[in-house]
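S.K.: next input, structure requested:
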Amino acid sequence: MFFALLTLLFLDFTGTMHAWFGWLADIQFVPAVLALNLFVILFLVVLTLLFGRVYCSVICPLGIFQDIVSYVSGLRRRKRHRFSYSPALGWLRYVCLALFVVLLLAGFVSFASLLDPYAAYGRVASHLLAPVYRWGNNLLAGLAEKFDSYAFYSTEIWLKSLPVLVVAVVTVIVLCILAWRNGRTYCNTICPVGTVLGFLSRYSLFRPVIDTEKCTHCKLCSRTCKASCIDSENAQIDYSRCVACMDCLDACRQGAITYRNRFRSGTSMADKTADTGQPDKERRRFLSTAILLAASATLKAQEKKVDGGLAVIEDKKIPFRATGLTPPGSLSAEHFAQHCTACQLCVSACPNQVLRPSTGLHTFMQPEMSYERGYCRPECTECSDVCPAGAIRPITAADKSAIQIGHAVWLADNCVPLTDGVECGNCARHCPVGAISMIPSVAGDASSPKIPVVNTERCIGCGACENLCPARPFSAIYVEGHEVHRTI
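M.R.: Here you go, the predicted structure:
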């Protein structure tokens with residue numbers, strides 16, 4: 001249920017899922033740490049100290065993804081009990097954790113996010129699963145339109161970043177190979193979150209316990225444990241690697257493994273119920289069903305834009321910006337770079353196609369703004385609403401209309417009134433804050449072609465002028481970013 005709902009956060013392009021289940025992203029470990037969300041951090045720490053690594057088996061989407069791959073692999077008859085105990089690679093776990101911390105402290109959060117399980121799965125969902133999901137939606141929209149129904153509407157599918165797509169593909173390949181053969185190898189050797197929670201789970205109050213008097217050392221629990229943490233020969237469990245999946249309880253035919261308070265001695269309630277043949281009441285129970293609501297809209301499918309119905313309009317190209325644009329609410333480029341985990345949730349949620357992953361070295365995979373496909377509408381606050389890491393702080397529509405993330409710059413060489421000798425004024429008409437005025441290009445000659453002039457004190461950098469400028473392939477007006485945002 002957690003996995004399905006969290007995946008839909010990255011697939012849903014209507015914004016409906018975030019209103020109900022956005023908290024699933026907020027309770028992820030690394031985003032909570034970067035956002036200094038002490039309540040969530042305390043909740044996860046207490047949860048682990050009480051019940052072990054429940055976060056890894058229930059809340060973390062990458063961990064559940066590995067379980068799904070491992071489960072499919074186990075459907076093969078001869079591979080159903082294919083695991084075996086292996087000693088912990090403690091040195092590798094703590095080296096990866098140290099590398100992760102060093103990258104965070106050095107400000108290379110985008111590279112540290114390569115090890116973050118939540119961000120890694122976000123890139124997979126956003127760049128591999130979302131296009132398939134949208135293709136299916138567009139197929140339904142096309143079929144519905146044939147029956148004069150507009151319960152679905154088409155959405156644009158486009159490649160937002162080839163490098164990030166490659167990263168997502170490599171991530172899936174590596175995880176599938178590891179999980180197909182050895183279950184939770186990634187979680188217990190590479191994942192920094194698994195290492196931190198594994199250290200805490202050594203002291204968890206409730207845990208699987210082996211009754212040495214009942215254990216026959218059949219090794220069935222070891223061959224079922226996807227974390228490879230049960231040493232059946234010595235009847236011991238490495239609790240730093242145990243993800244509390246409870247598979248060993250189901251596998252043990254002697255009822256020698258029970259989930260109980262580690263300080264309690266004697267026969268547990270689980271032992272008593274096992275002896276009488278009743279169901280084990282201490283085993284984990286899952287919800288059997290979950291209600292998923294699909295959103296519908298009334299917008300008609302967007303057709304291919306053409307000029308006068310004849311020639312296809314040439315696509316715009318990204319202009320060079322000396323300073324990149326970061327979303328309103330991110331405070332500054334430095335704050336954004338230090339807190340963003342590059343999970344791509346805001347990229348998936350942006351309804352205006354403004355956000356796409358950066359290819360810059362320092363901000364690799366972190367979202368950046370560009371206005372070739374749309375502009376940042378002043379009334380939209382989707383990215384600030386969904387960001388779980390505090391990289392984009394929550395803002396209201398009123399706040400956003402007063403935040404200056406950049407300012408417009410006019411390029412005379414591309415301006416239609418000067419190049420083609422026709423009237424335009426598109427930028428001035430559509431500026432939501434009235435920061436652009438049209439003046440005669442020749443001083444004192446009112447009949448000369450009118451050109452735009454930008455009031456940089458009023459401009460908020462929304463990009464409406466850049467996006468709606470008819471000049472191709474580069475707009476005659478573009479937005480230059482600000483290192484530090486300011487309120488105007």
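S.K.: which residues does stretch 412-423 contact?
M.R.: For stretch 412-423, contacts defined as CB atoms under 8 Å, 6 or more residues apart in numbering pick out 424, 441, 449-452, 470-471, 474-477. C-beta coordinates here come from the backbone N, C-alpha and C atoms, glycine included.
S.K.: give the rounded mean pLDDT of it.
M.R.: Taken as a whole, stretch 412-423 carries a mean pLDDT of 92.
S.K.: next, the distance between the ends of stretch 333-351.
M.R.: Criterion CA to CA, to the nearest Å; first-to-last residue distance in stretch 333-351 is 22 Å.
S.K.: any idea how far it is from the middle of the chain?
M.R.: Shown here is stretch 333-351, whose average C-alpha point lies 9 Å from the average C-alpha point of the whole chain (CA atoms, centre = their mean, to the nearest Å).
S.K.: also stretch 445-456?
M.R.: Distance of stretch 445-456 from its chain centroid, counting by CA atoms, centre = their mean, is 44 Å.
S.K.: in CSV, list the C-alpha atoms belonging to that stretch.
M.R.: Included here for stretch 445-456 are C-alpha records, laid out as CSV according to Å, rounded to 0.1, in the frame of the first residue of the first chain:
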residue,chain,number,x,y,z
ASP,A,445,9.1,59.1,-33.2
ALA,A,446,5.8,57.7,-32.0
SER,A,447,5.3,56.0,-35.4
SER,A,448,8.5,53.9,-35.0
PRO,A,449,8.1,50.2,-34.1
LYS,A,450,7.4,49.7,-30.4
ILE,A,451,9.9,47.7,-28.3
PRO,A,452,9.6,46.4,-24.7
VAL,A,453,11.3,48.0,-21.8
VAL,A,454,11.6,46.0,-18.5
ASN,A,455,11.1,47.4,-15.0
THR,A,456,13.5,45.1,-13.2
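S.K.: ignoring the adjacent residues along the chain, who's closest to Glu233?
M.R.: Of all residues beyond its chain neighbours, the one nearest Glu233 is His217 (6.2 Å), with distances taken as CB to CB, 6 or more residues apart in numbering.
S.K.: now the one you found: how far from Ile230?
M.R.: Distance of His217 to Ile230, computed by CB to CB, to the nearest Å: 11 Å.
S.K.: can you check Arg241 too?
M.R.: Counting by CB to CB, the separation of Arg241 from Ile230 is 9 Å.
S.K.: more crowded one of the two?
M.R.: Regarding Arg241 and Ile230, a neighbour count based on other CB atoms under 10 Å identifies Ile230 as having more, with 29 against 25.
S.K.: show me what contacts that one?
M.R.: Going by CB under 8 Å, 6+ apart, the list of residues near Ile230 reads 85, 210, 221-222, 236-238, 248.
S.K.: related to what we said a few turns ago, would you reformat the contacts of stretch 412-423 as CSV and include distance to Thr171?
M.R.: As requested, the contacts of stretch 412-423 are exported to CSV (distance: CB to CB, whole Å):
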residue, distance to Thr171
Cys424, 46
Ser441, 53
Pro449, 53
Lys450, 52
Ile451, 49
Pro452, 45
Pro470, 41
Ala471, 39
Phe474, 35
Ser475, 35
Ala476, 41
Ile477, 39
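S.K.: and the residue nearest to Leu36 when sequence neighbours are not counted, what does it touch?
M.R.: Once its chain neighbours are removed from consideration, Leu36 has its nearest residue in Gly390; the separation is 6.8 Å (CB to CB, 6+ apart). Listed by CB under 8 Å, 6+ apart, the contact set of Gly390 reads 31, 34-37, 339.
S.K.: name the element Gly390 belongs to?
M.R.: Under the criterion of DSSP states H and E, Gly390 resides outside all helices and strands.
S.K.: quick one: buried residues of the lengthiest helix in the chain?
M.R.: Assignment by DSSP state H gives helix 162-182 as the longest helix of the chain. By neighbour count on 16 or more other CB atoms under 10 Å, the buried set for helix 162-182 is 164-165, 167-168, 171-172, 175-176, 178-180, 182.
S.K.: Three-state assignment for the nearest residue to Arg184 once chain neighbours are set aside, please.
M.R.: Counting by CB to CB, 6+ apart, the nearest residue to Arg184 once its immediate chain neighbours are dropped is Ala227, at 4.6 Å. Under the three-state scheme (DSSP: H, G, I helix; E, B strand; the rest coil), the conformation of Ala227 reads as coil.
S.K.: show the pLDDT at Ala227.
M.R.: We note a pLDDT of 90 for Ala227 in this prediction.
S.K.: contacting residues around it?
M.R.: Taking CB under 8 Å, 6+ apart, we find Ala227 in contact with 183-184, 187-188, 241-243, 245.
S.K.: Leu47 now?
M.R.: 54-55.
S.K.: where does it land in three-state SS?
M.R.: Classification of Leu47 by three-state DSSP places it in helix.
S.K.: just Glu480 next, same as before
M.R.: Under three-state DSSP, Glu480 comes out as strand.
S.K.: about what we covered before: filter the contacts of Gly390 down to the ones in helices?
M.R.: 31, 34, 339.
S.K.: how close does the last one sit to Val193?
M.R.: So that's His339. Relative to Val193, His339 is positioned 17 Å away (CB to CB).
S.K.: same question, the first one
M.R.: As defined by CB to CB, Pro31 lies at a distance of 11 Å from Val193.
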